[in-house]
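Participant: sequence plus the predicted model coming up.
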There are 2 protein chains.
Amino acid sequence: MVNRQSAILDLPHDRESRPGMVVGIDIGGTNTDIGLVTRGGDCLARKRLATRDYPTAEAFADGLARTILELLADREIRTLAGVGVGAPNGNAFRGTIEHAPNLKWKGVIPLAKWLHRRVLCPIHLDNDANAAAMGEMLYGGARGLRDFVMVTLGTGLGSGVVIDGKLVRGHDGFAGELGHTVVMPGGRPCGCGRRGCLETYVSVTGLIATVIDLLDQTWAQPSRLEKSRDSLNGKLIAAAAEAGDPIAELAFRRTGHMLALGLANAAAITNPEAIVLAGGLAKAEALLLEPTRAALADCLHNLYRGKLRISVSKLQADNAGLLGAAASVWTTAPAVW
Amino acid sequence: MVNRQSAILDLPHDRESRPGMVVGIDIGGTNTDIGLVTRGGDCLARKRLATRDYPTAEAFADGLARTILELLADREIRTLAGVGVGAPNGNAFRGTIEHAPNLKWKGVIPLAKWLHRRVLCPIHLDNDANAAAMGEMLYGGARGLRDFVMVTLGTGLGSGVVIDGKLVRGHDGFAGELGHTVVMPGGRPCGCGRRGCLETYVSVTGLIATVIDLLDQTWAQPSRLEKSRDSLNGKLIAAAAEAGDPIAELAFRRTGHMLALGLANAAAITNPEAIVLAGGLAKAEALLLEPTRAALADCLHNLYRGKLRISVSKLQADNAGLLGAAASVWTTAPAVW
């Protein structure tokens, strides 16, 4: 193990002369994917950790480092250009994960520093939605786009804003929190402590809450979702909607309508040419995209009407975050601590 | 006149060798200011036109050209680096004014092209709020800031978004329409045809509407504004609030609260370090700033709390737009048509 770490230590750190192999890490609340990725965006090998199995963030960093070294050993790879990490509430400036509601390790976690101590090559850590935007721009459907917004729909709603070909990080590294724009003042309570945030409506969590709301309304039509109201998930609701269940269909339409409200506001601030949706909910393309497009036709300012494309990520859902994280090695400066 | 135009035609068009004098034009719904401005931001001379006196946009372009030539003749200036124009709904990419609700000339007006035909030097046309952001960055209180949002409060609400030291124009030149983000779905009708836009609450027009709403509510306390309810304006309301009129004070508090909602959403998208307010309403610093700051403390996401400064433009209100428009000659490419 020590030998292998030394091999990595021998890496030339100058970016121009770095070899073309990187490791991409996509940290999620449930699973963490670690993959060996070429500069061209091919994932040669991947492993998965159960994020919740690690009682402390230090133990998690140990697990990540061990997995990276295993991936390299399996392929007898001795040089690595860097490790790119996409993490919820990741801060690219500081290489930290800060107060992530979906991870059990609280506070500010200096993961880039900890990983660097273990694998000794440059670590590029970023917000997971930013990493997805980067992956989409380099390898996915956003190739050639200069101004777009990437929206990732999972447990929450993440976003990465690209302006003039560059990812917007903002003054403190926390740009692109579209999920925490308020679309309904006084609306649903959000994990951030406020009310009416976009992600309380547009996310798997939001979709489930909408279905429960609809089931609770006495005028609602009978629904096959009634019997699974305590164990709802995105797949169940999508399957019901595809089978014509009126409550599930209505829930998707309402979700699309709220998404359109949020996108219309984002469009008024950065005037993108496209919105790219990714993540579990976006897979249900016709279910979510059609109501979103229909609602946007109403709620977009006329300066932007007919000029804003909405599409779904072209990257395989399982790989998007990982490839994006890997790509950050080529496109961003490593974290500094 | 023809001779003077020829003199301008002799200008070296290469930016590096251009002389240091420019003309800045600030087009407003009521008045248009035209000033002779040095590279250092000193306004040496200025003239004013009544915008509404011109029945057609062509006649207005004639008036602008005549005034530019007069300003040059008065000072015996024969060379000009360019003309910078700040206009409502100005599009920097195309040099056009597009569907400006506050001007009586409708449709798309190719003002940069028309002006260029008349004065023959490079014309830089931009949105008026973008021009103000540029002026603030070069000559005002935003010197040294890399990420900020300029908000101009007048008849409407304009904004210019600066990211990493650059003005964001967006894919089609219409970024920075913060006034048309919806903060209250189903709220007040807006000139853009939708409802609940920020500018229907936060602008002189919005403030007047809020006062009228409050006067109409039977529980409201007596107000000195009651007798002038048909001739309300920003100055009257500010004076009443400063004299302790409860309706006027409450109207400013509500305006500040709505502004905070809009700013919190903008902060979540671009994570700026500062918001700079300009225009008539911002002059009432204590009246508007204090309630805005108080409301922001509640409605800003905790990632940004304590990290977002709110300040008022350091430029003289009468000069901000003009200096900003002039500055665009030094900082942006001329319009192309």
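Facilitator: Cool, got the structure.

Participant: how about the residues of the stretch 151-300 of chain A by chain B?
Facilitator: A:161, A:163-164, A:166, A:168-178, A:180-185, A:192-194, A:261, A:264-266, A:268-273, A:299 (C-beta under 8 Å from any C-beta of the partner chain). Every residue, glycine included, has its C-beta placed from N, CA and C.

Participant: so which of those sit within helices?
Facilitator: A:261, A:264-266, A:268-270, A:299 (DSSP state H).

Participant: save those as CSV, and put in pLDDT and neighbour count too.
Facilitator: Supplementary listing: these in CSV, determined by pLDDT from 0 to 100; neighbours: other C-beta atoms under 10 Å in any protein chain shown:
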residue, pLDDT, neighbour count
A:261, 97, 24
A:264, 98, 22
A:265, 98, 30
A:266, 98, 25
A:268, 97, 29
A:269, 97, 27
A:270, 97, 25
A:299, 91, 20
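
Participant: circling back to that earlier point, select from the residues of the stretch 151-300 of chain A next to chain B every entry located in strands.
Facilitator: A:161, A:163, A:166 (DSSP state E).

Participant: could you pull out the helices in chain A for me?
Facilitator: Using DSSP H, helices in chain A cover A:2-9, A:57-74, A:111-119, A:128-139, A:204-216, A:234-242, A:246-270, A:280-283, A:285-299, A:317-331.

Participant: ok, for residue A:309, nearest residue in space, not its chain neighbours?
Facilitator: residue A:274 (4.3 Å; C-beta to C-beta, 6 or more residues apart in numbering or on different chains).

Participant: circling back: any idea which of the helices of chain A is most buried?
Facilitator: Neighbour counts averaged per stretch over the helices of chain A are highest for helix A:128-139, at a mean of 29; criterion: mean count of other C-beta atoms under 10 Å in any protein chain shown.

Participant: now the angle between helix A:317-331 and it, please.
Facilitator: Here the directions of helix A:128-139 and helix A:317-331 differ by 80 degrees (axes from the mean of the first three to the mean of the last three C-alpha atoms, to 10 degrees).

Participant: any part of helix A:128-139 near chain B?
Facilitator: No - in terms of C-beta under 8 Å from any C-beta, no part of helix A:128-139 sits within range of chain B; the closest distance is 11.7 Å.

Participant: from residue A:89, how far out is residue A:154?
Facilitator: For residue A:154, the distance to residue A:89 equals 14 Å [C-beta to C-beta, to the nearest Å].

Participant: and these two? Which one has more around it.
Facilitator: residue A:154 (25 against 20; other C-beta atoms under 10 Å in any protein chain shown).

Participant: what sits against that one?
Facilitator: Shown in contact with residue A:154 (C-beta atoms under 8 Å, 6 or more residues apart in numbering or on different chains): A:28, A:203-204, A:279-281.

Participant: roughly how far does it sit from residue A:205?
Facilitator: From residue A:154 to residue A:205 the distance is 9 Å (C-beta to C-beta).

Participant: so what's the residue of the stretch 101-250 of chain A found nearest chain B up against?
Facilitator: Across the stretch 101-250 of chain A, the shortest distance to chain B (C-beta to the nearest C-beta) belongs to residue A:170, at 2.4 Å. Contacts of residue A:170 were listed using C-beta under 8 Å, 6+ apart, and they are A:176, B:147, B:163, B:270-272.

Participant: count the residues that sit near whatever residue of the stretch 201-337 of chain A ends up closest to chain B.
Facilitator: Minimum separation of the stretch 201-337 of chain A from chain B (C-beta to the nearest C-beta) falls at residue A:271, amounting to 2.4 Å. For residue A:271, the count of nearby residues is 25 (other C-beta under 10 Å).

Participant: give the contact list for it.
Facilitator: A:147, A:304, B:168-177.

Participant: swap in residue A:151?
Facilitator: Counting by C-beta under 8 Å, 6+ apart, residue A:151 has contacts A:129, A:157-159, A:178, A:259, A:263, A:275-278, A:282.

Participant: and what of residue A:94?
Facilitator: Contacts of residue A:94 (C-beta under 8 Å, 6+ apart): A:110, A:112, A:173, A:335-337.

Participant: so what does it look like in phi/psi?
Facilitator: phi -110, psi -10 (degrees, to the nearest 10).

Participant: low-scoring stretches of chain A, by residue?
Facilitator: For chain A, applying pLDDT under 70 flags the ranges A:1-19, A:218-220, A:317-318.
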